[in-house]
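Visitor: here is the input, now give the coordinates:
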Amino acid sequence: MAVTESAPETAPAMPEAAGARATQENGGARAAHEGILRRQAARESAARTYARALPIVPVRARGLTIEGADGNRYLDCLSGAGTLALGHNHPVVLEAIRKVLDSGAPLQVLDLATPVKDAFTTELFRTLPPGLADHARVQFCGPAGTDAVEAALKLVRAATGRSGILAFAGAYHGMTAGALAASGGAPDVRVARLPFPQDYRCPFGVGGEPGAELAARWTESILDDTKSGVPSPAGMILEPVQGEGGVIPARDDWMRRMREITSERSIPLIADEIQTGVGRTGAFWAVEHSGITPDVMVLSKAIGGSLPLAVVVYREGLDVWEPGAHAGTFRGNQLAMAAGAATLAYVRENGLAERAAALGTRMIAQLQSLADDFGCVGDVRGRGLMIGVELVDPEKPPPSPGGPPPAAPELAAAVQRECLRRGLIVELGGRNSSVVRLLPPLTISDEQASAVLNRLADAVAEVAKAHTGSASESPRRTATGGARKVGHAQGTEHTQRGERSG
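Guide: Numbering: from 1, shown residues only. You can find the predicted model right below:
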């Protein structure tokens, strides 16, 4: 059972009739919960994913907190896969939606101009990197990020007259044909695949700046070698932080090298900011960490304020499309534009990107203690409030001599289950789904962050103990006999500035 809010140590006696009624109500809630899950399993596609690992039935939510049909409460660090920058049902988002509903404005207008759309576009351009915003065009796409990726790929192909695409190992850009082909799990190769530098599992075995430099040189070699088998491409697409790939931040110096390499060869650079945007990584857009200006930015998730919305923003020189070259029936979603404009403005006005940078740095530093205490925690990494903990099997030999232990997807899944038992919702990602991912809303308070870290630490301790049964995999103990907590995330003037509930 999930952890619920603590009850007083001593509660007044409940009358017998009231106790029986409460028991009956709880039993009814549990039966309704189980019935909904049973019907979902019988009716929905086998392609469903989150529902398999998270057998909950949300009925109410606010901020970081979800309440299930069975009465249990959870801290939600999935946030709609990063969609909920302000958490569930934030007041400014609800107000923006109600305002449109009460105004009598049309809810769906294709690509016609409306005051709501104009306000969204104005706020979006206000947040963009200046080098792009000053000379940009925006394309409203179908409501999913993968459609925006498709649009970006079509755009650079049309603008350059070339067809090839450069993408990176470990990437994830969506599930439609073109987006999937550019992702790391593509079933066949229709793009040139390049190494994405990382420290823990460096493809060159060195990590750090040397690994990033080797990756950059490999990219240059592929492009300049007339016998590489890779013709001049239409564009390069990359994630400033690989999310589904395992929360792997790109080094800023490597990002600048990619910008130099593509600029020198007239290759449009596409930054996929679908999950990293709107303050998630500690800057409003993740490309700002490196100071680069991409030619194209693909945006979705948080820009809709919890509702479906996706756009492509690109420099005006690429705008060679004919009318209708890319379209989508639901590209005129007025509720999403209103919610999105409210979210963008709130994040900007309240410094939530800066808040994410400060809190995320502390959370990652505190989580490092898990790697010190438990051999099954191989690496802790991330940027801002996009955090990953990679689980490994220290009892098995490394895949390569001197390298890290092999990934342990079964341990990561066990940690996810133990987190859920403790009232914490987390996602899995990375190679073999071995990375426990945290994507809390940017409005998470310091106290909530501490609760998240402690529940995760307890879950890891339980899994480590069950896996090895050895004292070396047991956490250090506190004076009260409990598992050592990973610390308290305190000390910021932005504390409690956002959503306060939960």
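
Visitor: and the most centrally placed residue in the chain, what pLDDT?
Guide: The chain has Gly82 as the residue nearest its centroid, 4.1 Å off, counting by Cα atoms, centre = their mean. Looking at Gly82, its pLDDT is 94.

Visitor: surely it touches Leu439?
Guide: Yes: in this structure Gly82 lies within contact range of Leu439 using Cβ atoms under 8 Å: 4.8 Å. Quick note: C-beta positions are derived from backbone N, CA and C, even for glycine.

Visitor: any idea how far Thr361 is from Gly384?
Guide: 8 Å (Cβ to Cβ, to the nearest Å).

Visitor: for the two, list the residues in contact with both.
Guide: Gly282 (Cβ atoms under 8 Å, 6 or more residues apart in numbering).

Visitor: higher neighbour count, those two?
Guide: Gly384 (27 against 15; other Cβ atoms under 10 Å).

Visitor: and the more buried one, what does it touch?
Guide: Gly384 touches Gly279, Arg280, Thr281, Gly282, Ala283, Ala353, Ala356, Ala357, Gly360, counting by Cβ under 8 Å, 6+ apart.

Visitor: count the residues that sit near the fourth one.
Guide: So that's Gly282. The burial count for Gly282: 25, using other Cβ under 10 Å.

Visitor: that one touches His289, doesn't it?
Guide: Yes: between Gly282 and His289 there is a contact at 7.5 Å, judged by Cβ under 8 Å.

Visitor: residue boundaries of the helices in the stretch 201-350 of the chain?
Guide: 208-224, 252-264, 334-349 (DSSP state H, counting those that start in this stretch).

Visitor: just want the angle from the shortest one to helix 208-224.
Guide: Here the directions of helix 252-264 and helix 208-224 differ by 10 degrees (axes from the mean of the first three to the mean of the last three Cα atoms, to 10 degrees).

Visitor: packing partners of helix 252-264?
Guide: Helix 252-264 is packed against helix 208-224, strand 235-238, strand 269-272, with contacts defined by 3 or more Cβ pairs under 8 Å, 6 or more residues apart in numbering; DSSP states H and E.

Visitor: 10 Å - rerun?
Guide: Secondary-structure packing of helix 252-264 (3 or more Cβ pairs under 10 Å, 6 or more residues apart in numbering; DSSP states H and E): strand 165-168, helix 208-224, strand 235-238, strand 269-272.

Visitor: also the first one?
Guide: Counting contacts by 3+ Cβ pairs under 10 Å, 6+ apart, helix 208-224 is packed against strand 165-168, strand 192-194, helix 252-264.

Visitor: Pro115: which of those is closest?
Guide: Of all the helices and strands packed on helix 208-224, it is helix 252-264 that lies closest to Pro115, at 36.3 Å by Cβ to Cβ.

Visitor: could I get the closest one in CSV with only the CA atoms?
Guide: Taking C-alpha atoms only, helix 252-264 is exported to CSV below (Å, rounded to 0.1, in the frame of the first residue of the first chain):
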residue,chain,number,x,y,z
ASP,A,252,28.3,22.5,-23.2
ASP,A,253,31.6,22.5,-25.0
TRP,A,254,30.4,19.6,-27.2
MET,A,255,27.1,21.4,-28.0
ARG,A,256,29.2,24.4,-29.1
ARG,A,257,31.3,22.1,-31.3
MET,A,258,28.1,20.6,-32.9
ARG,A,259,27.0,24.1,-33.6
GLU,A,260,30.3,25.0,-35.2
ILE,A,261,30.5,21.8,-37.3
THR,A,262,27.0,22.2,-38.6
SER,A,263,27.3,26.0,-39.3
GLU,A,264,30.6,25.5,-41.2
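
Visitor: about what we covered before: what residues are shared contacts of Gly82 and Leu439?
Guide: Gly243, Gln275, Arg280, Lys301, Leu385, Met386, Glu427 (Cβ atoms under 10 Å, 6 or more residues apart in numbering).

Visitor: what is the nearest of those to Ser450?
Guide: Nearest to Ser450 among these is Leu385, at 14.4 Å by Cβ to Cβ.

Visitor: my guess is the closest one meets Pro440, correct?
Guide: Yes: when contacts are counted by Cβ atoms under 10 Å, Leu385 is listed as touching Pro440 (5.6 Å).

Visitor: what residues are shared contacts of those two?
Guide: Counting by Cβ under 10 Å, 6+ apart, the common neighbours of Leu385 and Pro440 are Cys77, Ser79, Gly82, Ala356, Leu359, Gly360, Met363, Ala449.

Visitor: can you pick out the most distant pair from those residues?
Guide: Spanning the widest gap among the shared contacts of Leu385 and Pro440 are Gly82 and Ala449, at 16.8 Å by Cβ to Cβ.
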